[in-house]
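> give me a 3D structure for the following:
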Amino acid sequence: MVEFFIAENNEIELVEYDAGATLTDLAAELESFRETAPDLKTGKCRGCGECCSDNIPVLGLDFAVLGIDPATLSAGTALSGTEFMVSGADPSVSGFDSSASAGKPFPDPWQAAGSILVLPDKPDLAFRRKAIKEMCEWTSIPEIEATLLFEYNNAEPLILAKQASGECCFLKGGLCSSYTKRPYSCGLYLCNMGRRLAYIQEMIVRQGTWHAYSKLGWIGEDELRHNPFLKADSYDKLLVSDFEFDLKNTSEQLFFYF
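Here you go, the predicted model:
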């Protein structure tokens, strides 16, 4: 069971959830709840597509959902910010900018694919280790909290590329052409989240981003032992409680660190 309510400023806020509530439950219950609030902007989505113009994170578990082989991506090239052609989208999507790939070093098998995944810069692991070590040395916070705080502030997500119009490459006629196989963040996102719900959503995206880095071979799993995504192969096997980290005291100690 996952329970929501309408908070101040018409925000949808998370009230509570059962100990066994999963990320799949969270997204499904949120979808059901917002449909009962017709006066809210998110009450009945009519395909305005506004949120589909934002950068849409692709998490580690989304590779399988989208039919992406991370080994293929990481083996192709290590260029930062390169746009990779991947399978899973309709190349006839209105406004799809095929010229975006002009001059890019795509291996031949990717040339005919329809969608684009944009990779961020690789994480600087030396900087990561140094920053976490310094946070522990300069404060009294434990390493796990220093690690989580660093990862929260340094998680540049993989994103779905956009059409020339600025909309997601899967958007067609104002509606998602890959709705049943879209990234998890699409199903969880709301433009009017309450603070607690927004925090959990952010932690899911950030931990899912570092998990994606590991699947790309950018960081070893030994450095991500705390990451909930390492223990599951689907969203229905991950608990909501795994992502409600309490970093309030840590954040207060490191207020001037970043």
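> which residues in the stretch 101-250 of the chain form helices?
108-111, 125-138, 143-153, 184-188, 195-215, 248-253 (DSSP state H, counting those that start in this stretch).
> quick one: the ones you listed as JSON lines, columns for distance to A232 too.
All C-beta spots, glycine's among them, are computed from the backbone N, C-alpha and C. Below are the helices of the stretch 101-250 of the chain laid out as JSON lines (distance: least, CB to CB, whole Å):
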{"stretch": "helix 108-111", "distance to A232": "29"}
{"stretch": "helix 125-138", "distance to A232": "24"}
{"stretch": "helix 143-153", "distance to A232": "18"}
{"stretch": "helix 184-188", "distance to A232": "12"}
{"stretch": "helix 195-215", "distance to A232": "10"}
{"stretch": "helix 248-253", "distance to A232": "25"}
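> pick out the shakiest of those helices, pLDDT-wise.
Sorting the helices of the stretch 101-250 of the chain by mean pLDDT places helix 108-111 lowest, at a mean of 29.
> mind listing what C176 touches?
By CB atoms under 8 Å, 6 or more residues apart in numbering, the contact set of C176 is C52, C168, F170, R182, C186.
> list buried residues within those residues.
C52, C168, F170, R182, C186 (16 or more other CB atoms under 10 Å).
> quick check: the farthest pair among the residues you listed?
The most widely separated members of the buried ones among the contacts of C176, counting by CB to CB, are C52 and R182 (9.9 Å).
> low-confidence bits of this structure, can you list those?
7, 37-49, 74-116, 247-258 (pLDDT under 70).
> can you give me the domain assignment for it?
Under the assignment automatic domain parsing, the domains of the chain span 1-42+124-155+190-258, 55-121+156-180.
> how about C168, what does it touch?
C168 neighbours (CB under 8 Å, 6+ apart): C52, S53, I56, L160, K162, C176.
> could these be laid out in a markdown table, adding distance to A71?
As requested, the contacts of C168 are exported to a markdown table (distance: CB to CB, whole Å):
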| residue | distance to A71 |
| --- | --- |
| C52 | 29 |
| S53 | 31 |
| I56 | 22 |
| L160 | 20 |
| K162 | 25 |
| C176 | 27 |
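> sort out which one of the residues you listed lies nearest E145 for me.
Among the contacts of C168, and counting by CB to CB, the member closest to E145 is I56, at 28.9 Å.
> and the spatially closest residue to that closest one that is not a sequence neighbour, what are its bridge partners?
Distance criterion CB to CB, 6 or more residues apart in numbering; nearest residue to I56, sequence neighbours excluded, is L160 at 4.6 Å. Beta-bridge partners for L160, by DSSP bridges, are L117.
> right, and L160 touches L59 too?
No: using CB atoms under 8 Å, L160 is not in contact with L59; the gap is 11.6 Å.
> what's the overlap in contacts for the two?
With contacts taken as CB under 8 Å, 6+ apart, L160 and L59 have P183 as neighbours in common.
> who's in contact with the residue nearest to I56?
Counted by CB under 8 Å, 6+ apart, L160 has contacts I56, V58, S115, I116, L117, V118, C168, C169, F170, P183.
> ok, now how distant is it from G194?
As judged by CB to CB, to the nearest Å, L160 and G194 stand 26 Å apart.
> please apply the same query to S214.
In terms of CB to CB, S214 sits 31 Å off from G194.
> same check on V118?
30 Å.
> which of the contacts of C176 sits closest to R128?
The closest of the contacts of C176, once distances to R128 are taken by CB to CB, is C186, at 28.2 Å.
> hmm, that closest one is touching P57, no?
No: with contact defined as CB under 8 Å, C186 does not reach P57; the gap is 9.1 Å.
> all strands in the protein, in order from the N-terminus.
2-6, 12-17, 57-58, 83-86, 115-118, 158-160, 171-172, 175-176 (DSSP state E).
> who touches the first one?
Outside of strand 2-6, the residues that reach it under the criterion CB under 8 Å, 6+ apart are 12-18, 21, 25-26, 29-30, 33, 37, 40, 197, 240.
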